[in-house]
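**Q** Here's a sequence, model it:
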Amino acid sequence: MKYVNVTVNHQPSSKKIVILSLHAPRNLNAINQELYEELKQSLENISKDKTVGALILNSEVSNAFSAGVDLQFIQSLSNEEASNFFTKLSKLFDMLIHLPVPTISFVHGYAFGAGADLAISCDVRIASKSAYFRFPGPQFGLVLGTQRLVNEIGSSKARFLALSGKKINGQTALEYGLVHELSADEEAGQKSSLKWARVLANVPSYTTQTIKEVCHSGRSFHELTRASVLEGDFIDRFGQYVQDNKKKVRH
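**A** Okay, the predicted model is just below:
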């Protein structure tokens, strides 16, 4: 099964625009090993292709960008395997951040956990009014995209979202600076993504890469991610978190 669909929008007077669309409707684009591998391969291909001018990352699932990590997949891992997987995810987000072309994410529906981290790893973020963001990782002892969250919205708001696990809607995400533009619906958001991709594709490659380097000059925190998973029994507390949330849904 293919989890990431790749389409190309050819521009008559500039470089092409690549659109990566997440397509795992069974679990709301929750990230497992297969989706991770397809995303990684797609980003590697784009990084080597000099004819690409911009990347759009979106979802073909109507009610979600990505619900986070695949719960069943994570619960099938040992603590060491989980630490390796989340460290690889951290490096994947870094790959997206430093991709040598401008990147745009369009979020509609849920963008939770690793899905939210994936979205905010893009240079420009657009969300529909139906979008919801949440960073629940710290609730089960995971530090994954917190550094990126701090860089994008500041330490005070990032600390609040990370420690509280609070769900925020698209309007609040806009006010926080988590997204840069709010669209009325999915169709409007897709059009706006393409509009901005066309604009950004015309920025000289050297300029794009220089601006990215200036904005992301800090060191990576992959080892903090690994250490947070290896602290205590991660799989046990992750399982407890899943069970607690199922009880909340039932009540």
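
**Q** how about stretch 14-32: buried residues?
**A** Neighbour counts over stretch 14-32 (16 or more other C-beta atoms under 10 Å) mark 14-15, 17-24, 27-32 as buried. The C-beta positions use only the backbone N, C-alpha and C, and glycine is treated the same way.

**Q** same thing with stretch 31-38?
**A** Per 16+ other C-beta under 10 Å, stretch 31-38 contains these buried residues: 31-32, 35-36, 38.

**Q** List of residues touching it?
**A** By C-beta atoms under 8 Å, 6 or more residues apart in numbering, the residues outside stretch 31-38 that reach it are 1-4, 22, 24, 29, 66, 68-70, 73, 85, 88-89, 92, 114-115, 118.

**Q** one more time with 10 Å
**A** With contact meaning C-beta atoms under 10 Å, 6 or more residues apart in numbering, stretch 31-38 is reached by 1-6, 20, 22-24, 27, 29, 39, 66-74, 76-77, 85, 88-89, 92, 113-115, 117-118.

**Q** So which of those residues are in strands?
**A** Here DSSP state E is the test, and those give 4-6, 20, 22, 66 as lying in strands.

**Q** Tell me which residues of the longest helix seen in the chain come out buried.
**A** The helix that spans the most residues within the chain, counting by DSSP state H, is helix 79-97. For helix 79-97, the neighbour count (16+ other C-beta under 10 Å) marks 79, 82-83, 85-87, 89-90, 92-97 as buried.

**Q** on that earlier part again, format the buried residues of stretch 31-38 as CSV; extra columns: distance to Leu144 and pLDDT.
**A** Below are these laid out as CSV (distance: C-beta to C-beta, whole Å; pLDDT from 0 to 100):
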residue, distance to Leu144, pLDDT
Ile31, 11, 98
Asn32, 15, 98
Leu35, 16, 98
Tyr36, 13, 98
Glu38, 20, 97
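
**Q** mind listing which of the residues you listed are in strands?
**A** Using DSSP E, none of the buried residues of stretch 31-38 sit in strands.

**Q** Among these, find me the one that's closest to Ser155.
**A** Taking C-beta to C-beta as the measure, Ser155 sits nearest to Ile31 out of those, at 26.2 Å.

**Q** which residues in the stretch 101-250 of the chain form helices?
**A** Using DSSP state H, counting those that start in this stretch, the helices of the stretch 101-250 of the chain run over residues 114-120, 146-153, 155-164, 170-176, 186-200, 205-215, 222-230, 234-250.

**Q** Deepest-packed of those, please.
**A** Scoring those by mean neighbour count under mean count of other C-beta atoms under 10 Å gives helix 114-120 as the most buried, with a mean of 26.

**Q** Go ahead and measure how far that helix is from the middle of the chain.
**A** Mean C-alpha position of helix 114-120 versus that of the full chain (C-alpha atoms, centre = their mean, to the nearest Å) differs by 2 Å.

**Q** Let's see the pLDDT reported for His216.
**A** With respect to pLDDT, His216 scores 87.

**Q** With the one 3 residues further on instead?
**A** Looking at Arg219, its pLDDT reads 72.

**Q** now swap in Gly145 and tell me
**A** pLDDT recorded at Gly145 is 86.

**Q** Same question for Arg148.
**A** At Arg148, pLDDT is 89.

**Q** now swap in Gly170 and tell me
**A** Note for Gly170: predicted pLDDT of 97.

**Q** these two touch, right, it and Phe133?
**A** Yes: if you go by C-beta atoms under 10 Å, Gly170 and Phe133 touch, sitting 8.1 Å apart.

**Q** got any residues that touch both of the two?
**A** In contact with both Gly170 and Phe133: 107, 111, 127, 178-179, using C-beta under 10 Å, 6+ apart.

**Q** Let's have the helices of the stretch 101-250 of the chain in CSV, adding distance to Leu43.
**A** As requested, those are arranged in CSV below (distance: least, C-beta to C-beta, whole Å):
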stretch, distance to Leu43
helix 114-120, 11
helix 146-153, 16
helix 155-164, 25
helix 170-176, 24
helix 186-200, 16
helix 205-215, 14
helix 222-230, 16
helix 234-250, 26
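
**Q** I appreciate the help and will end here.
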